[in-house]
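J.: Sequence isn't available, so here's the structure alone:
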């Protein structure tokens, strides 16, 4: 498939027969002054929300392009599910899934992050043009990941997680979840700084849903200022997660993942009002609307200026 032969997508109303190679974008070209939208692209067979839907490379590229044209600032490409209980994926298989997608989206003009816990995949993705490494491994990062990030000088999402996808649900014992998460992030951050990673390249993610019970996620969302006090940009990922499903339960049955987008947009609004750097979401349009509403609420003068 040529890059993005996707009828009916894009800012224009007519089908897009072919997307030509676009101007190369950089991390520094991302918009400033508002919360960014990071679109989730799972090239996996078992993700909790859309597992198997975009496992085919062409389908994944098409979905990435749709999210970009819908307004996503960053496309986050992952080839290994990190939902609780998910199987591990060998780095070689992960790279077969994500690298062609990364290369195509970069060529099409997207700013791309790669959701991986593997240094070899991170390296291959950066070679393919990826701009950001989004590593959910937290306290269990691979030993050589800090050296790679220092060597390449790229933005790195440092997320809080205890254990891995198969052990984290049994690691949710916190004395004070906010204080414990902040302190554990500080410990991991120190490893990266000591390896030569620049402080301004680190982005903090509290890891909602990763080794957390539902009330832990809400406590962290309520106390984002404590994460911001670490002095880094903050990324928040709530999209369609289990704690939203349990909140929206009806007749004792949690809401299905696709029924959680309105609640996700509400958390996007809360996070944007707090001024976080970015939110990581499945549904671009709803969260982008939420960010626009927050922008108008925070700065009514900008609306008056736009009309004049």
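T.: Received, thanks. These numbers come from a predicted model, not from an experiment. Residues are numbered from 1 along each chain as shown.
J.: pLDDT of stretch 31-47, averaged?
T.: For stretch 31-47, mean pLDDT rounds to 91.
J.: Give me the buried positions along it.
T.: Across stretch 31-47, burial judged by 16 or more other CB atoms under 10 Å covers 34-45, 47. For glycine as for every other residue, the C-beta is placed from the backbone atoms N, C-alpha and C.
J.: ok, those vs residue 58, which is closest?
T.: residue 43 (11.1 Å; CB to CB).
J.: Look up phi and psi at that closest one.
T.: phi -90, psi 60 (degrees, to the nearest 10).
J.: Might you report the residue contacts of it?
T.: 54, 55, 57, 60, 77, 78, 79, 97, 98, 101 (CB atoms under 8 Å, 6 or more residues apart in numbering).
J.: Let me see the ranges of the helices in the stretch 1-150 of the chain.
T.: 57-70, 91-107, 119-127, 145-152 (DSSP state H, counting those that start in this stretch).
J.: So which of these is nearest residue 288?
T.: Going by CB to CB, the one of the helices of the stretch 1-150 of the chain nearest residue 288 is helix 57-70, 7.4 Å.
J.: Run through the neighbouring helices and strands of the closest one.
T.: In terms of contacts (3 or more CB pairs under 8 Å, 6 or more residues apart in numbering; DSSP states H and E), helix 57-70 is packed against strand 36-42, strand 74-78, helix 91-107, helix 284-298.
J.: where along this protein do the strands fall?
T.: Under the criterion DSSP state E, the chain carries strands at the ranges 36-42, 74-78, 111-115, 132-135, 156-159, 202-205, 233-236, 278-281.
J.: how about those strands in CSV, adding distance to residue 266?
T.: Formatted as CSV, the strands of the chain follow (distance: least, CB to CB, whole Å):
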stretch, distance to residue 266
strand 36-42, 15
strand 74-78, 21
strand 111-115, 24
strand 132-135, 23
strand 156-159, 22
strand 202-205, 19
strand 233-236, 12
strand 278-281, 11
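J.: between those strands, which gets nearest to residue 187?
T.: Nearest to residue 187, of these and by CB to CB, is strand 156-159 at 10.7 Å.
J.: re the thing from before, quickly name whichever of the buried residues of stretch 31-47 is closest to residue 70.
T.: Nearest member of the buried residues of stretch 31-47 to residue 70, counting by CB to CB, is residue 39, at 7.8 Å.
J.: quick one: the closest one from residue 286, how far?
T.: Using CB to CB, to the nearest Å, residue 39 is found at 12 Å from residue 286.
J.: Where does the prediction get shaky in the stretch 1-150 of the chain?
T.: 1-22, 24, 49, 51 (pLDDT under 70).
J.: Make JSON lines out of the helices of the stretch 1-150 of the chain and add mean neighbour count and distance to residue 254.
T.: Formatted as JSON lines, the helices of the stretch 1-150 of the chain follow (neighbours: other CB atoms under 10 Å; distance: least, CB to CB, whole Å):
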{"stretch": "helix 57-70", "mean neighbour count": "21", "distance to residue 254": "25"}
{"stretch": "helix 91-107", "mean neighbour count": "21", "distance to residue 254": "29"}
{"stretch": "helix 119-127", "mean neighbour count": "21", "distance to residue 254": "32"}
{"stretch": "helix 145-152", "mean neighbour count": "19", "distance to residue 254": "34"}
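J.: Dump these into a markdown table; add distance to residue 85 as well.
T.: Formatted as a markdown table, those follow (distance: least, CB to CB, whole Å):
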| stretch | distance to residue 85 |
| --- | --- |
| helix 57-70 | 23 |
| helix 91-107 | 18 |
| helix 119-127 | 21 |
| helix 145-152 | 24 |
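J.: I'd like to know which of the ones you listed lies nearest to residue 251.
T.: Comparing the helices of the stretch 1-150 of the chain by CB to CB, helix 57-70 comes nearest, at 32.5 Å.
J.: Okay, angle between the closest one and helix 284-298 too, please.
T.: Interaxial angle of helix 57-70 relative to helix 284-298 (axes from the mean of the first three to the mean of the last three CA atoms, to 10 degrees): 20 degrees.
J.: how far is helix 57-70 from where the chain is centred?
T.: Helix 57-70 sits 15 Å away from the centroid of its parent chain (CA atoms, centre = their mean, to the nearest Å).
J.: Cool, thanks, talk later.
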